[in-house]
Every structure is written in C-alpha cells, then in structure tokens.
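**Q** predicted model follows, preceded by the sequence.
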Amino acid sequence: MSAILIAGTHSGVGKTTVAMGLLAAFTQRCAVAPFKIGPDYIDPSHHTAICGRPSRNLDMFMMGEDGVRQTFASASAGSDICVIEGAMGLYDGVGDTDVASAAHVARVLDVPVILVVDVKGMSRSTAALIKGYCDFDPRINVAGVILNQVGSPRHGEMIRTAIRQELSVPVLGEIPKSSNIELPSRHLGLYMAHEGYHMDYVPQLRELAENCMDLPAIRDIADQTLEREVVVAKKPAKHDVTIGIARDPAFCFYYADLIDSLKRHADIVFFSPLTDDLPDVDGLYFGGGYPELYAEELSSQSKIKKQIKDAATSGMPIYGECGGMIYLCESLVDLEGVSYPMAGVLPGETEMTRRLQALGYTDASVSDTPVMRAGRIRGHEFHYSVTHCDPDARFTYRMNRGKGIRDRMDGMIEYATLGSYMHAPPSFDVTRFVESCG
C-alpha cells in the first residue's frame, strides 16, 4: 500500500493547496484514499469531492493510536495510494507535546512525509529550516520538500543549490508566487465542497500539481511505504432500528467513521430540516454546520419543527452537536439581534457572536443518558456563539478540558434529547444510542 503525508512548517504554508492538487492529479491516474489529520470537517469534504470516496479523519487525541491504525487500514482498501493531509506545523500537537500532530501520525503509521515550505523572503536559510525539521525527530522520515511562494526561477535555483549542498532531501516541487490560487473561506474555515465554490478550483489545482510537482518521484516515495494489512469492511446488514440524520447545507459536519459506525448498527435515513418532513425513524442525529446562515429558512419550517418537538416529548432519543444543538434550542439570535424560533426542545437560546468563543480538544466525564453511557469522552469544540440556558437546565458532561455550554458543563439534556457544543470523536461508541432507539 502506497502512502504519503503532506505536512507543513506551520499553518497557512500551503499544505491544503498541495494536498488537494495531488489528490486531483493522482485521481486522474489511479484510486486515491484521502485522509485528514485532526478534528476537521471542511477539508475532508473537498477531499471527498475530488476523490469520489470518503475522506477519513486521523486524530490521535480523540481516536487513540489503535483507532487511527484501524481507520487507516480499513479505509485504504481498494486504493492505489493514500494521501494524508496534515494540520498546523509538522510537530504541533496538544499543548507543548507532539500528541495528535502530523509527526505523531507519521510515526505511528510509518508513512513518509513531504514537507511544504513557504520560501518567501528566504534563500539559503530555507536549507537550515528544512534541516531543523529533518533532524528534530529522527523517527520521522521527511522524504522530500515542496517549495511554495517561489519568487522566480533564479530564486528557486538558489534554494535548490543550498539544499543540495547541505541536505540529501529531494525538492519535489516549486510553486511560483504568481500561481495565487486561493480557496474562499469564512469564519469556520474554507467553504464546504457541496457549496460549489470548490469545484471551480479543481482543474487549477490539478494543473498546478502536474506542472509544478514531480508526480512520478512523489509516487515513488509513496510506494516505499512498508507493507501493511488492509481491512476490508463488511457490507452493513439490515437492522430493526432506523436513525434519521439531518444532512444539508445547515447540518454538514459529520465524520465518515461515525456515520459508518451508525450504519453497522442501524439503518440510516438522511433528511433536510430545510426542505423535508420528518422521516419515519426511531432516533435523530443533528450534526454541526451553519444553522446561523439558514436561520430564517429553518425558522420558517414550522411543520418539521413541531414534528421534532413532538418526537422529543414522546421520548425519542435525539442527539445534537454544536449547530445541531443550536437548532434544538428554543431560538437563535443572529449578529443583527434578530431572534429566530428553532425546534424548542432544549431549554436555551443561542446568540451568535463575532468573536470565537471556544476552540480545541475537549475531555469530559459523562453521566449515563439514553445517548451515551457514563464514562469519559474526548472530542473537540469550535464555535462563534454562546448559549443562554434556563436556570434549571440539566447537564450531563463535566468538562475536564474545554469550555462547554456553561460553567464548564456541557451535554444539556431534556427528555431523551442530548445537545452539546462538544463534537464527538470519529470513533464515538454509538451502541447506547442505537439500543435506546430500539
């Protein structure tokens, strides 16, 4: 099995552009399995659109080393090459450690790293920078570098000469400063692939990779990956329980592994709170996304809101994460102060803010609920909103790490409905939720 990991010296260095360009180029030639390091929903949506197969998250903090190995092995089945996109800088992990860093994943999976370096304003110093990344942890195989923001052919040759003189690492590509491909973004990151902005860039990204990167050399490096076991997933069987998953532009943050886990235990029906009636299901899952961008449309759908409220009061298990929790609350107040009635299941009102309220990994002690068993759960939070709960609101998560909804508490519960700012990990155990739905 061939594999490479695209890492950067720091955030914003161009690794997403490089990774997406390689995905687009290699997909024209063979079957590509895409992966993304860290708790990211947006980049994987682009990977998936390019490759035509789900991009999987590899997150050591949330999934553990065994979980990452298992996901990588199973999702690699049927592919000719695996391309993993890193996060932040190569060695940036949780706190001052390398836990959950790109280097951590490369070390555990024994995958060669291609380092993307922004060379703007540097020449010979580029070699010193690369040498530091190569020598910092000898367990990491930095097998090649791609130079970004190269000012001119002469600039590129100066850097190549310095690298040849000081290092044995090959230069696998030069991206000129004039290429200037920028993917449109907003407060939570890039636009999602399904929103259409992405597809216009795919031909440009493919052309960039084909013209500026040494694809045969990159493939040769990937082919040197050690042989490993590939796990072929079994086809999901028919089940007695059906889970409805809200999936549309307002609710679009889902891990492919978590959806697959649900499919192993229940039948799945996707629906849109923007356009549909509530399907005939035994439980509901509302993922994160952008309900604030569709507040007026969501608020106007009175029929499905009443159906969801009736299902909740009758005891149907319902789970909502971040944007899903916001929708399940009584109302959403936008940045102009306009209040929109939501589903009205959870006793709280959410107010959007211009300032980031929480970002990072989370760890919580969880009380027993119809959605999950008592114990510990790791996840992450990322939101530009605050939720004002009723004084008697009940919570089931005590945050050991992270902010939560209020006073380091998260997991607001009403009836058998659980809503949290915390996003559950890709390896979230869904068995209690499915059992309760049965």
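**A** Received it, and whenever you're ready, just let me know what you need. Residues are numbered from 1 along each chain as shown.
**Q** in the protein, where's the longest helix?
**A** Longest helix of the chain, by residue count under DSSP state H: helix 60-75.
**Q** helices and strands around it, which ones?
**A** If contacts are counted by 3 or more C-beta pairs under 8 Å, 6 or more residues apart in numbering; DSSP states H and E, helix 60-75 sits against strand 32-37, strand 56-58, helix 102-109, strand 375-383. Just so you know, the C-beta spots here come from the backbone N, C-alpha and C atoms, and that holds for glycine as well.
**Q** list the buried ones in it?
**A** Using 16 or more other C-beta atoms under 10 Å as the test for burial, helix 60-75 gives M60, F61, M62, M63, G67, V68, R69, T71, F72, A73, S74, A75.
**Q** just stretch 203-214 next, same as before
**A** When burial is assessed from 16+ other C-beta under 10 Å, stretch 203-214 yields the following buried residues: L205, R206, L208, A209, C212, M213, D214.
**Q** repeat that for stretch 251-264.
**A** By 16+ other C-beta under 10 Å, the buried positions in stretch 251-264 come out as 251-263.
**Q** ok, those vs A358, which is closest?
**A** When the buried residues of stretch 251-264 are compared for distance to A358 (C-beta to C-beta), F253 wins out at 14.9 Å.
**Q** excluding chain neighbours, what is closest to that closest one?
**A** G288 (3.6 Å; C-beta to C-beta, 6 or more residues apart in numbering).
**Q** just confirm G86 is within a strand.
**A** Yes - counting by DSSP: H, G, I helix; E, B strand; the rest coil, G86 is found in a strand.
**Q** pLDDT value on the residue nearest to it when sequence neighbours are not counted, please?
**A** Spatial nearest neighbour of G86, excluding adjacent residues (C-beta to C-beta, 6+ apart): A102 at 3.3 Å. Predicted confidence (pLDDT) for A102: 97.
**Q** quick one: A102 from E296, how far?
**A** 40 Å (C-beta to C-beta, to the nearest Å).
**Q** what about those two, which has more around it?
**A** A102 (30 against 11; other C-beta atoms under 10 Å).
**Q** hang on, isn't the more buried one packed against V111?
**A** No - between A102 and V111 there is no contact under C-beta atoms under 8 Å: 9.8 Å.
**Q** overlap in contacts, the two.
**A** L5 (C-beta atoms under 8 Å, 6 or more residues apart in numbering).
**Q** ok, back up a step: okay if I get the helices and strands packed on helix 60-75 as TSV plus distance to C322?
**A** Output for the helices and strands packed on helix 60-75, formatted as TSV (distance: least, C-beta to C-beta, whole Å):
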stretch	distance to C322
strand 32-37	18
strand 56-58	16
helix 102-109	25
strand 375-383	6
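**Q** and these: which comes nearest G93?
**A** helix 102-109 (6.0 Å).
**Q** with just CA atoms, put the closest one into PDB.
**A** The C-alpha trace of helix 102-109 is given here as PDB (Å, rounded to 0.1, in the frame of the first residue of the first chain):
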ATOM      1  CA  ALA A 102       1.200  15.200  11.900                       C
ATOM      2  CA  ALA A 103       4.500  13.800  13.200                       C
ATOM      3  CA  HIS A 104       2.700  11.600  15.600                       C
ATOM      4  CA  VAL A 105       0.500  10.100  12.800                       C
ATOM      5  CA  ALA A 106       3.500   9.700  10.500                       C
ATOM      6  CA  ARG A 107       5.400   7.900  13.300                       C
ATOM      7  CA  VAL A 108       2.600   5.500  14.200                       C
ATOM      8  CA  LEU A 109       1.700   4.700  10.600                       C
END
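**Q** report the distance from that helix to the chain centre.
**A** Relative to its chain's centre, helix 102-109 lies at 17 Å (C-alpha atoms, centre = their mean, to the nearest Å).
**Q** before we move on, what about stretch 405-419?
**A** Relative to its parent chain, stretch 405-419 has a centroid offset of 23 Å by C-alpha atoms, centre = their mean.
**Q** now what about that stretch, what contacts it?
**A** For stretch 405-419, the external contacting residues (C-beta under 8 Å, 6+ apart) are 312-313, 315-321, 324-325, 328-329, 345-348, 362, 364, 366-367, 369-372, 387, 389, 393-399, 402, 404, 420-422, 436.
**Q** let's see it at 6 Å
**A** The list of residues contacting stretch 405-419 from outside it, by C-beta atoms under 6 Å, 6 or more residues apart in numbering, reads 312, 315, 317-320, 325, 328, 345-346, 369-371, 387, 389, 393-397, 399, 404, 420-422.
**Q** can you list the low-confidence ranges for the stretch 101-250 of the chain?
**A** Low-confidence segments of the stretch 101-250 of the chain, defined by pLDDT under 70: 179-199, 225-237.
**Q** tell me where it has strands.
**A** Using DSSP state E, counting those that start in this stretch, the strands found in the stretch 101-250 of the chain span residues 113-118, 142-150, 171-176, 185-186, 189-190, 242-246.
**Q** could you dump those strands to a markdown table with mean neighbour count and distance to R124?
**A** Shown next, in a markdown table, are those (neighbours: other C-beta atoms under 10 Å; distance: least, C-beta to C-beta, whole Å):
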| stretch | mean neighbour count | distance to R124 |
| --- | --- | --- |
| strand 113-118 | 25 | 13 |
| strand 142-150 | 24 | 13 |
| strand 171-176 | 22 | 14 |
| strand 185-186 | 10 | 33 |
| strand 189-190 | 16 | 34 |
| strand 242-246 | 23 | 53 |
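**Q** how close does D223 sit to A75?
**A** 19 Å.
**Q** no, scratch that, I was asking about A162
**A** As judged by C-beta to C-beta, A162 and A75 stand 39 Å apart.
**Q** now swap in M88 and tell me
**A** From M88 over to A75 the distance is 22 Å, taken as C-beta to C-beta.
**Q** which is the next helix or strand following the helix or strand harbouring L5?
**A** Take DSSP states H and E as the rule and L5 turns out to sit in strand 2-8. Sequence order places helix 15-27 as the next helix or strand after strand 2-8, per DSSP H and E.
**Q** got the angle for that following helix vs strand 32-37?
**A** Angle between the axes of helix 15-27 and strand 32-37 is 160 degrees (criterion: axes from the mean of the first three to the mean of the last three C-alpha atoms, to 10 degrees).
**Q** and the helices in the chain?
**A** Per DSSP H, the chain carries helices over the ranges 15-27, 42-51, 60-75, 102-109, 125-136, 153-166, 202-212, 215-223, 256-265, 295-300, 302-313, 323-328, 431-437.
**Q** still on that earlier bit, so which of the helices and strands packed on helix 60-75 gets nearest K306?
**A** strand 375-383 (26.7 Å).
**Q** what number of residues lie near the closest residue to G379 other than its chain neighbours?
**A** Using C-beta to C-beta, 6+ apart and skipping the chain neighbours, the partner closest in space to G379 is M422 (4.4 Å). Other residues lying near M422 total 28 when counted by other C-beta under 10 Å.
**Q** verify the contact between M422 and H380 for me.
**A** No - look at M422 against H380 with C-beta atoms under 6 Å: they stay out of range, at 7.2 Å.
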